[in-house]
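1. pasting the sequence and the predicted coordinates here, then a few questions.
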Amino acid sequence: MAVTCQCGGERTRKLEALLDRYRGQPQALIQVLHQAQEIYGYLPREVLKKVSLALNVPLSQVYGVVSFYSFFTIHPKGRHRISVCKGTACYVRGAEQLLEHLREELRIKPGETTADGEFSLEVVRCLGACGLGPVIMVDEDVHARVMPERIPDILSAYRS
Amino acid sequence: MNLYRAHVLVCAGAGCISSGCQGVKNALLESISRLGLEREVKVVETGCMGPCDLGPVIVVYPEGVFYRKLKPADAVEIAEEHLLKGRVVERLLYRVPEDGRTAATFDQIDFFKKQTRIALRNTGIINPESVEEYIARDGYRALGKVLSSMSPQEVIECVKKSGLRGRGGAGFPTGLKWEFSAKAPGSPKYVVCNADEGDPGAFMDRSILEGDPHSVLEGMAICGYAIGANQGYVYVRAEYPLAVQRLSLAIEKAREYGLLGQNIFGTGFSFDVEIRVGAGAFVCGEETALLASIEGRRGEPRPRPPFPAQSGLWGKPTVINNVETWANVPPIILNGPEWFASIGTEKSKGTKVFALAGKVNNTGLVEVPMGTTLREIIFDLGGGIPGGKQFKAVQTGGPSGGCIPARYLDVPVDYESLTQLGAIMGSGGMIVLDEDTCMVDLARFFLEFVQDESCGKCSPCRIGTKRMLEILERITRGEGRDGDIELLEELGHHIKSSALCGLGQTAPNPVLSTIRYFREEYEAHIYQKKCPARVCRELVVYTIDEEKCNGCGRCRVVCPAGAIFGEKKKPHRIEVEKCIRCGTCMEKCKFSAIYSL
């Protein structure tokens, strides 16, 4: 019986092209994982297996790298990713309270995704916008000097 | 080439982007074209100018008029008034906080006037996406000088004589590091730029990469020539996409112009640079962990020696310096080591970029000569503490650093003085703390950070910081015990002396330095079960002032725990056992009748 891939032709094609470029180059592992995650939004087990074979790195080592770096994720993320900066500058200016409001508003903990798949919440260490704390990043947009009462407005702009 | 009568520089640093500079720029461009000034006025996007708190900011040249906190509508007014009619728009100028006077140009504003810019010489002045503008500011002249008239040994001597030390934190003499690599056997050799700016609270590397990427590339190429390397890598953290983008563009342009690549300037010297993007691991700022990450592995540090200068990337001699260090190299070559060594203190030469953040009026980036006092940085450049609050301490060096209290504000800042005070220079993050900051809670925050980022390879860091964190959590919950402070000190000293890498060896610093200067705050938490700054939630007690309460009932309605009781129009009271200490009642009371102890 022929096995057909269920993960979408376009993405598979992109992944194959990526793997072809780096085939047999173990030192490119992190770069390949970055780009694979860009294609899929996360790093599914099947993708990791393919990366392992193509780069000639044992799957255990691939997984070791994936689990070491916080940027990589093996779980699907929400359509919009909310990152709350918990760097020092943001922390002393109230990032903790902000996070608490977001948790209440979305009813999820950092690292989780809302049931409707709309938002996922995470804590990041420093976005480098320390002069404007507390900051949160939704997808690619940085929101500066966020007060808890602004959260509903900010979120509603992203809801589909 | 078209000559323009005016240039408008729009700051497009990360701070101004998040406060909306794109809208301002678009409004400017539209107005300029509507007024038919396209051939007379040029709009340029620059890197970070520094005063993030005032963003979005622009500067109009030739006069050098500085406008701040702009909205798109303001940009239209500037185009119509200033650019068309030549009238400065007073209301958009900076105002001196003391007397409300307007200040039109940089030389009238303390924040800029008191700076000496070497590493930041181009950021905020040139378009970072244009190699021509970098060249116009003497860019790549130092590389030309080195390749055409200096021997590799002379380059190393020059850097050694300048007294430049590593700006990433530890302050190792840069020239010496180069010399070790140059003399080390093994080939090929490598040059690496550490742009994994992990210290939460520091953003100077980001600003240099985004605002003046060529200065880093030029510095690296000069080192390549000095040590005999032909390949460089820049390791940038993934959280800085704009820096990656601008750096990629800079590398591409430099290759196109023959400033990187094969046979540079026809001298036979070849040098190229590639970017490696990190993946969110703080420990990768440690040099041996960073090298492991470039090689595609888990970013775990290894014992030193051997140092990377002898055995670095793929076991080959490697010079690894921080972004700010690289940006200092070209001016040293051009102006001579004596010039650089004439700035700063006896052992710390040149300038240092600091990222001012936290409870300070003028947040942003400043570059000052080594030896400038903390008071000058925080009060003269930083404009002091907002809201009439009291200065309490300044935290330098991030999770590896410490807190310096008010009585040392007049200490000249250099590598040695900060270390003596139990803090470190670090990469230059300066978080200002006021009376509302709890030092125990802050120490807990840093420990939580370190614990989270510990790679787990060595047990002092993995287990030791965990135990320290548990003790601190207990203290901030009001469950501190007699002997906890001594235990923290003992653990801290053991971890410092036995951890494998810089992360672990410095991890106890925030705790030890706060115990050293704010021991009474620890004692208040442990013995009186009180948090003097009223931050630690479990230790705060909310009370209603019966004199002020008129019984409106607002607090009773909003209390999520049902802990407030009272009849209408009569003073209410809070039942301490039921109170969950969320502070909502205090926030909502219109009569300031609720206070916390």
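-> Nice, I can see it. Numbers count the residues shown, from 1 in each chain, chains lettered A, B, ... in the order given.
2. what's near enough to touch whatever residue of the stretch 1-150 of chain B ends up closest to chain A?
-> Distances between the stretch 1-150 of chain B and chain A by C-beta to the nearest C-beta are smallest at B:Cys52, namely 3.0 Å. All C-beta atoms are positioned from the backbone trio N, CA, C, and that covers glycine. Shown in contact with B:Cys52 (C-beta atoms under 8 Å, 6 or more residues apart in numbering or on different chains): A:129-132, B:13, B:15-16, B:363-365.
3. show me the shaky parts of the chain.
-> Just so you know, I chose chain A. Scanning chain A for pLDDT under 70 picks out A:1-8.
4. meant chain B actually
-> Along chain B, the model assigns pLDDT under 70 to residues B:1.
5. ok, longest helix in it?
-> Identified as the longest helix of chain B according to DSSP state H is helix B:509-527.
6. other SSEs contacting the following helix or strand past that one?
-> Counting by DSSP states H and E, the element after helix B:509-527 in chain order, helix or strand, is strand B:542-544. Packing partners of strand B:542-544 (3 or more C-beta pairs under 8 Å, 6 or more residues apart in numbering or on different chains; DSSP states H and E): strand B:573-574, strand B:594-596.
7. what is the neighbour count of A:Cys130?
-> 33 (other C-beta atoms under 10 Å in any protein chain shown).
8. roughly how far does it sit from B:Val10?
-> Separation of A:Cys130 from B:Val10 (C-beta to C-beta, to the nearest Å): 21 Å.
9. quick one, helices of chain A?
-> A:9-22, A:29-40, A:45-55, A:59-68, A:88-92, A:95-106, A:151-156.
10. how about B:Arg95, phi and psi?
-> phi -110, psi 130 (degrees, to the nearest 10).
11. residues contacting it?
-> Per C-beta under 8 Å, 6+ apart, neighbours of B:Arg95: B:101-103.
12. just the buried residues of these.
-> B:Ala103 (16 or more other C-beta atoms under 10 Å in any protein chain shown).
13. just the contacts of B:Arg95: which are in strands?
-> Mapping the contacts of B:Arg95 onto strands (DSSP state E) picks out B:102-103.
14. dump the contacts of B:Arg95 into CSV; add distance to chain A as well.
-> Converted to CSV, the contacts of B:Arg95 look like this (distance: C-beta to the nearest C-beta, whole Å):
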residue, distance to chain A
B:Arg101, 24
B:Thr102, 22
B:Ala103, 20
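15. which of the contacts of B:Arg95 sits closest to B:Pro331?
-> B:Ala103 (28.1 Å; C-beta to C-beta).
16. how is chain A partitioned into domains?
-> With domains defined by automatic domain parsing, chain A comprises A:9-68, A:80-156.
17. which residue is the nearest non-sequential neighbour of the spatially most central residue of chain B?
-> With distances taken as C-alpha atoms, centre = their mean, B:Ala202 lies nearest the centre of chain B, 1.8 Å away. Of all residues not flanking B:Ala202 in the chain, B:Gly429 sits nearest, at 3.5 Å (C-beta to C-beta, 6 or more residues apart in numbering or on different chains).
18. related to what we said a few turns ago, buried stuff in the longest helix of chain B?
-> For helix B:509-527, by 16+ other C-beta under 10 Å, it's B:509-515, B:517-518, B:521-522, B:524-526.
19. now stretch B:213-220
-> Buried, per 16+ other C-beta under 10 Å, within stretch B:213-220: B:213-220.
20. go ahead and confirm B:Trp178 touches B:Ile222.
-> No: contact between B:Trp178 and B:Ile222 fails when scored by C-beta atoms under 8 Å: they sit 9.6 Å apart.
21. anything in contact with each of the two?
-> B:Val155.
22. those two: who's more crowded?
-> Neighbour count, other C-beta under 10 Å: between B:Trp178 and B:Ile222, B:Ile222 has more, with 28 against 24.
23. okay, the more buried one and chain A: tell me how far apart.
-> To chain A, B:Ile222 is 26 Å away according to C-beta to the nearest C-beta, to the nearest Å.
24. give me the element that residue is part of.
-> Per DSSP H and E, B:Ile222 falls inside helix B:213-227.
25. helices and strands around the very next helix or strand once past that helix, which ones?
-> Scanning forward in sequence from helix B:213-227 by DSSP H and E, the next helix or strand is strand B:229-236. If contacts are counted by 3+ C-beta pairs under 8 Å, 6+ apart, strand B:229-236 sits against strand B:189-195, helix B:213-227, helix B:241-256, strand B:269-277, helix B:287-294.
26. for strand B:229-236, which outside residues touch it?
-> B:181, B:188-196, B:209, B:216, B:220-221, B:223-224, B:243-244, B:247, B:270-278, B:284, B:290, B:293-294, B:313, B:319.
27. re the thing from before, find the pair from the contacts of B:Cys52 with maximum spatial separation.
-> Comparing all pairs in the contacts of B:Cys52 by C-beta to C-beta, the longest separation belongs to A:Cys130 and B:Cys16, at 13.8 Å.
28. ok, the closest residue to B:Asp138 other than its chain neighbours - contacts?
-> Spatial nearest neighbour of B:Asp138, excluding adjacent residues (C-beta to C-beta, 6+ apart): B:Leu334 at 6.3 Å. Counting by C-beta under 8 Å, 6+ apart, B:Leu334 touches B:138, B:141-142, B:145.
29. can you list the residues of the stretch 201-350 of chain B near chain A?
-> Proximity of the stretch 201-350 of chain B to chain A (C-beta under 8 Å from any C-beta of the partner chain) is limited to residues B:201-203, B:206, B:238-241, B:276-282, B:293-300.
30. please enumerate the strands of the stretch 251-400 of chain B.
-> Using DSSP state E, counting those that start in this stretch, the strands of the stretch 251-400 of chain B run over residues B:261-264, B:269-277, B:318-322, B:351-358, B:364-369, B:391-396.
31. these two touch, right, B:Thr345 and B:Val368?
-> No: counting by C-beta under 8 Å, B:Thr345 does not reach B:Val368; the two are 11.9 Å apart.
32. now do the shared contacts for those two.
-> With C-beta under 8 Å, 6+ apart, B:Thr345 and B:Val368 have no common neighbours.
33. the two: which is more packed in?
-> More crowded of B:Thr345 and B:Val368, by other C-beta under 10 Å: B:Val368, with 22 against 18.
34. how close does the closest residue to B:Glu295 other than its chain neighbours get to B:Val191?
-> Spatial nearest neighbour of B:Glu295, chain neighbours left out: A:Gln27 (5.3 Å); criterion: C-beta to C-beta, 6+ apart. Distance of A:Gln27 to B:Val191, given as C-beta to C-beta: 17 Å.
35. okay, the two: which has more neighbours?
-> Shown here are A:Gln27 and B:Val191; by other C-beta under 10 Å, B:Val191 has more neighbours (30 against 16).
36. ok, now which ones touch that one?
-> By C-beta under 8 Å, 6+ apart, the contact set of B:Val191 is B:220, B:223-224, B:227, B:229, B:231-233, B:271, B:318-319.
37. of those residues - the most surrounded one?
-> Neighbour max across those (other C-beta under 10 Å) = B:Cys223, 31 neighbours.
38. isn't that one up against B:Ile320?
-> No: in terms of C-beta under 8 Å, B:Cys223 does not count as a neighbour of B:Ile320; the distance is 10.2 Å.
39. how about B:Gln390, nearest residue that isn't a chain neighbour?
-> B:Glu435 (4.5 Å).
40. same question, B:Ile251
-> B:Val273 (5.5 Å).
41. before we move on, the earlier item: from the domains of chain A, which stretch is densest packed?
-> Comparing the domains of chain A by mean neighbour count (mean count of other C-beta atoms under 10 Å in any protein chain shown), domain A:80-156 comes out on top with a mean of 19.
42. which SS state does the residue lying closest to B:Gly124 once chain neighbours are set aside fall under?
-> Nearest-residue entry for B:Gly124: B:Met49, 3.4 Å, with adjacent residues in sequence omitted and distances by C-beta to C-beta, 6+ apart. Recorded secondary structure, B:Met49: coil (DSSP: H, G, I helix; E, B strand; the rest coil).
43. for B:Met49, grab phi and psi.
-> According to degrees, to the nearest 10, B:Met49 has phi -90, psi -20.
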